[in-house]
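>>> Test case, fold it:
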Amino acid sequence: MTGFGGRSASALRLAFSTLTALPVGPPSQVDRTVAGLAMAYAPVVGGVLGAAAGAVGAGLEWWTSSPIVAAAAGVATLAALTRGLHLDGLADTADGLGSAKPAPDALRIMKASDIGPFGVITLVLALLGQVLLLAAAWGRHGAWYGACTIAVACVASRLAVTWACRPGVPSARPDGLGAWVAGSVSRVAIGVASIGALVTAGVAGVCVSQGARWLLWPAAVVLGVGVSAVLLRHTIRRFGGITGDVLGALVEVGFTAALVILAGR
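Numbering: from 1, shown residues only. Now for the predicted structure:
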């Protein structure tokens with residue numbers, strides 16, 4: 001396949017092979033344009049992951065009548081489908097930031113295979129927060145609301161990756177995932193991905209919410225991307241740019257921030 005259709009198919013396959021553990025096989029072609037399209041498709045990947053996690057959680061909520069079991073199952077499903085990739089990135093980024101060392105030393109700490117105390121603490125608090133927030137959404141508003149919550153939060157968190165790969169955002173290293181995708185997503189692609197994510201969130205909100213509450217759903221997307229942008233700015237200042245670990249951290253932070261909005265009354 002050649003042309004845009006071939007690049008688009010390769011980009012989708014690259015997006016799923018990079019951001020998930022799903023056995024999609026290698027893309028037929030890979031270059032910087034395909035990498036940029038792949039990161040623009042990140043919210044689509046998030047939607048698929050979130051739908052799967054939401055379905056598992058809803059099924060267990062029906063079987064056990066326990067929102068906590070449903071929430072834990074949803075979070076565990078996401079971890080399994082991504083092989084803990086983003087959680088690992090969050091822990092490594094926390095270790096790098098917590099070290100308070102110059103950028104080269106912090107990047108070496110992040111690349112190490114072990115996890116330090118900052119990473120462990122951040123990981124535990126993030127997972128605990130995600131489970132409790134999802135449990136609140138499931139318990140207060142029911143199974144469909146809970147399932148849609150995890151799906152939309154996944155879309156929002158992967159949209160943060162799309163924004164992090166916009167022009168002007170540098171890579172912290174000359175190699176690795178960050179170097180491959182930094183600045184690769186065009187502003188047009190970012191706009192299309194953002195509109196798609198907001199519309200998807202709005203439709204989900206209309207389907208499972210009453211009255212003006214549906215507005216919280218696109219607001220959750222905005223908050224997820226916004227909070228991730230704050231972390232992104234800090235990591236650029238500390239490390240000099242993005243890395244694969246930073247992108248993973250943005251996913252987890254954006255996911256948790258979106259849940260804060262959707263779990264409320």
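>>> Helices of the stretch 151-265 of the chain, start to end?
For the stretch 151-265 of the chain, the helices defined by DSSP state H, counting those that start in this stretch cover 176-181, 187-208, 216-239, 244-262.
>>> Single out the most deeply packed of the ones you listed.
Sort those by mean neighbour count, taking mean count of other CB atoms under 10 Å, and helix 244-262 sits at the top with a mean of 27. Every residue, glycine included, has its C-beta placed from N, CA and C.
>>> so for that helix, what's the average pLDDT?
Averaged across helix 244-262, pLDDT comes to 96.
>>> Please apply the same query to stretch 220-233.
So the average pLDDT for stretch 220-233 ends up being 97.
>>> For the closest residue to Glu252 other than its chain neighbours, the count of nearby residues, please.
In this structure, Glu252 finds its nearest non-sequential neighbour in Leu90, 4.3 Å apart by CB to CB, 6 or more residues apart in numbering. Neighbourhood size, Leu90 [other CB atoms under 10 Å]: 27.
>>> helix, strand or coil for Leu90?
helix (DSSP: H, G, I helix; E, B strand; the rest coil).
>>> That one and Asp31, how far apart?
29 Å (CB to CB, to the nearest Å).
>>> now Thr200
Distance from Thr200 to Asp31, by CB to CB: 29 Å.
>>> What of Val69?
Note on Val69: its distance to Asp31, by CB to CB, is 45 Å.
>>> didn't Leu90 look like it was pressed against Gly254?
No - contact criterion CB atoms under 8 Å: Leu90 and Gly254 do not qualify, at 10.9 Å.
>>> low-scoring pLDDT stretches of the stretch 51-200 of the chain, where are they?
Judged by pLDDT under 70, the stretch 51-200 of the chain has no weakly predicted residues.
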